[in-house]
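>>> Can you look at this prediction? I've put the sequence above it.
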Amino acid sequence: MVSPMLSFLEFSVSQLVLLTILCIGAYAWLFQYVTRRREKRENLDKITVFADYNQVYLDIVAVHGLGAHPYHSWKTSGAPPDSDSDLNSSRAIKRGATAINWLEHEDFLKKDFKNARILSFGYNADWFMDASLSTAPQKAVMLLKTLSEFRQTSGKTPPILFIGHSFGGILVKYAIHAAHSDPRFEEINRNTAGVIFLGTPHQGSTVSLIGEILARLTPFLGSDTTLIKFLSHRSSALLDLKRDFSATMTSIMTQRPLPVYSFYETLPTFRYGVSLGVIVGPESATLDIGEHIPINTDHSGLNKCRTREDELYRKIRGAIQGVQNTLREQLDPIAKWIMASNNPAHVYKYRLDHERAREKLSSYPELGKWLIESPAFSKWGEFSQTSFPTFCLRGAVGTGKTSLRSRRMVLQARSS
């Protein structure tokens, strides 16, 4: 007769063996799943170029979130490029959608913003299994170094619009603050023209607690709490960043406008049929400055656009157009300033300012409208072709006369 104790031990051993097999199997599946979604380490801390042109008037720099892939983070299934309406788009999705990354797809930013260079910054955003040990400020400095080197190498330094999704927005905030205080990145600081935050947890998120617990339970897998703990609700690090970023923006905006758009989700996020609630609500996703924009989607949908008619894409497009309009308003006075500089000594003294002004002027063909609409030019245009055929545009050497003439504004106005 088998003793009860022996039976219990045999039962416990079998359970242990079964549990071990299940754990090994779960680990193998999880390891394969996680590593398949990760970018190769040699491809990180780099700028990916989705669109580039000989003449660039704006750099759009996208930064992905925590635990996300530098490319797939911006991609979702969507309608074919010829789907122009919501009705056609929904039908296309049902019959078999195509994968769309709206940063590189011809039907999105490339179509709406000609001569805008579209870039993304990829970094190690892993916190679970073989996690990154660098901090958020360190990653932000890497963003600045990488972007600065890329712009210098390309020889193109147009205004910059940052787009940050979730934790990517936190890196953008750190980057703007660091660029403002570090002379190494003065060029980026000077050219930062706008920011779009997509579900950025400025005050953290209570959902990060789930990730922190998971990371603490799996240190043997290489998980680390450094980044996930940073996003805990109202963490001291986030509050310090809020203070520093606010001070930086106040300083910048005393010199020039810098549009800020904060997008936030209005729907809960579900995982395996279980609601996690709203990951980053409006109280955390918005700032005291700029425009607040609600989007009818969950957190993972705030960086994906299926069609041109998606609410998210339409409002992102509107935000980018807002940044463009602000830039144009800033540049007309610059054009007037350089044309009024008749003193060569003044031009030499402020030659760097003149060079930067001319570079900005060359980005927008329609700049110089002030000249065409000026009383002197309008009066000249009233004469017949044979009366006074020459209009004298006076200015010192290097003040930008050629920049205006190269765009044939004068000829265009005369012909009209």
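Structure's in. What do you need?

>>> where do the strands sit along the chain?
46-51, 58-63, 75-78, 98-101, 116-122, 160-165, 192-198, 260-265, 270-271, 274-275, 291-295 (DSSP state E).

>>> With mean neighbour count added, can I get those in a markdown table?
In this view, the C-beta of every residue, glycine as well, is placed from N, C-alpha and C. Converted to a markdown table, those look like this (neighbours: other CB atoms under 10 Å):
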| stretch | mean neighbour count |
| --- | --- |
| strand 46-51 | 17 |
| strand 58-63 | 25 |
| strand 75-78 | 18 |
| strand 98-101 | 16 |
| strand 116-122 | 23 |
| strand 160-165 | 26 |
| strand 192-198 | 26 |
| strand 260-265 | 24 |
| strand 270-271 | 10 |
| strand 274-275 | 9 |
| strand 291-295 | 17 |
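
>>> Mean pLDDT and distance to Ile210 for these - can I get that in CSV?
Shown next, in CSV, are the strands of the chain (pLDDT from 0 to 100; distance: least, CB to CB, whole Å):
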stretch, mean pLDDT, distance to Ile210
strand 46-51, 95, 30
strand 58-63, 97, 23
strand 75-78, 74, 24
strand 98-101, 85, 28
strand 116-122, 96, 25
strand 160-165, 97, 19
strand 192-198, 97, 21
strand 260-265, 97, 17
strand 270-271, 81, 10
strand 274-275, 80, 11
strand 291-295, 97, 23
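
>>> Leu302: which of those strands is closest?
Shortest distance between Leu302 and those, using CB to CB, is found for strand 192-198: 4.5 Å.

>>> Format the CA atom coordinates belonging to the closest one as CSV.
Extracted C-alpha coordinates of strand 192-198, given in CSV (Å, rounded to 0.1, in the frame of the first residue of the first chain):
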residue,chain,number,x,y,z
THR,A,192,13.3,74.1,-33.8
ALA,A,193,10.1,75.4,-35.2
GLY,A,194,7.3,73.2,-33.6
VAL,A,195,6.4,70.1,-31.6
ILE,A,196,3.6,67.6,-32.0
PHE,A,197,3.1,65.4,-28.9
LEU,A,198,1.1,62.2,-29.6
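
>>> now it and strand 291-295, what's the angle there?
On the basis of axes from the mean of the first three to the mean of the last three CA atoms, to 10 degrees, strand 192-198 is oriented at 30 degrees to strand 291-295.

>>> the helices in the stretch 151-300 of the chain, which residues?
Per DSSP state H, counting those that start in this stretch, the stretch 151-300 of the chain carries helices over the ranges 167-181, 186-191, 208-217, 226-230, 236-253, 282-285.

>>> hmm, back to that, select, out of the strands of the chain, the one closest to Gly281.
Nearest to Gly281 among the strands of the chain is strand 260-265; the distance by CB to CB comes to 6.9 Å.

>>> What helices and strands are in contact with that closest one?
Helices and strands touching strand 260-265, by 3 or more CB pairs under 8 Å, 6 or more residues apart in numbering; DSSP states H and E, are strand 192-198, helix 282-285, strand 291-295, helix 311-339.

>>> Kindly recompute the last result at 6 Å.
strand 192-198, helix 282-285, strand 291-295 (3 or more CB pairs under 6 Å, 6 or more residues apart in numbering; DSSP states H and E).

>>> closest one to Gly301 among the ones you listed?
strand 291-295 (7.6 Å).

>>> Can you tell me what sits against that closest one?
The set of residues external to strand 291-295 that reach it, using CB atoms under 6 Å, 6 or more residues apart in numbering, is 261-264, 266, 286, 311-312, 315.

>>> Which pair of these spans the longest distance?
Thr286 and Glu311 (17.6 Å).

>>> The two: which is more packed in?
The neighbour count for Thr286 versus Glu311, taken as other CB atoms under 10 Å, is higher for Thr286 (22 against 15).

>>> ok, and the closest non-adjacent residue to Met142?
Distance criterion CB to CB, 6 or more residues apart in numbering; nearest residue to Met142, sequence neighbours excluded, is Asp45 at 5.4 Å.

>>> okay, now the one you found: neighbour count?
So Asp45, with other CB under 10 Å, has 17 neighbours.

>>> got it, and Ala237?
Neighbours of Ala237 (other CB under 10 Å): 16.

>>> need the contact list for it.
The contact partners of Ala237, by CB under 6 Å, 6+ apart, come to Phe230.

>>> Now distance to Ala175 too, for the contacts of strand 291-295, in JSON lines please.
Converted to JSON lines, those look like this (distance: CB to CB, whole Å):
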{"residue": "Tyr261", "distance to Ala175": "17"}
{"residue": "Ser262", "distance to Ala175": "17"}
{"residue": "Phe263", "distance to Ala175": "19"}
{"residue": "Tyr264", "distance to Ala175": "21"}
{"residue": "Thr266", "distance to Ala175": "28"}
{"residue": "Thr286", "distance to Ala175": "20"}
{"residue": "Glu311", "distance to Ala175": "28"}
{"residue": "Leu312", "distance to Ala175": "23"}
{"residue": "Lys315", "distance to Ala175": "23"}
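
>>> what's near enough to touch the residue nearest to Ile170 when sequence neighbours are not counted?
Spatial nearest neighbour of Ile170, excluding adjacent residues (CB to CB, 6+ apart): Ala136 at 5.8 Å. Ala136 makes contact with 170, 174, 230 under the criterion CB under 6 Å, 6+ apart.

>>> Tell me which of the strands of the chain lies nearest to Ser181.
strand 192-198 (13.2 Å).

>>> Direction included, what does the closest one pair against?
Sheet pairing of strand 192-198 (DSSP bridges) gives strand 160-165 (parallel), strand 260-265 (parallel).

>>> and those as JSON lines, adding distance to Leu198?
Putting the strands paired with strand 192-198 into JSON lines (distance: least, CB to CB, whole Å) gives the following:
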{"stretch": "strand 160-165", "distance to Leu198": "4"}
{"stretch": "strand 260-265", "distance to Leu198": "5"}
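
>>> Which among these is found nearest to Ile252?
With CB to CB as the measure, strand 260-265 is the member of the strands paired with strand 192-198 nearest Ile252 (10.6 Å).

>>> any idea of the angle the closest one forms with helix 167-181?
Angle, strand 260-265 to helix 167-181, by the same axes, to 10 degrees: 170 degrees.
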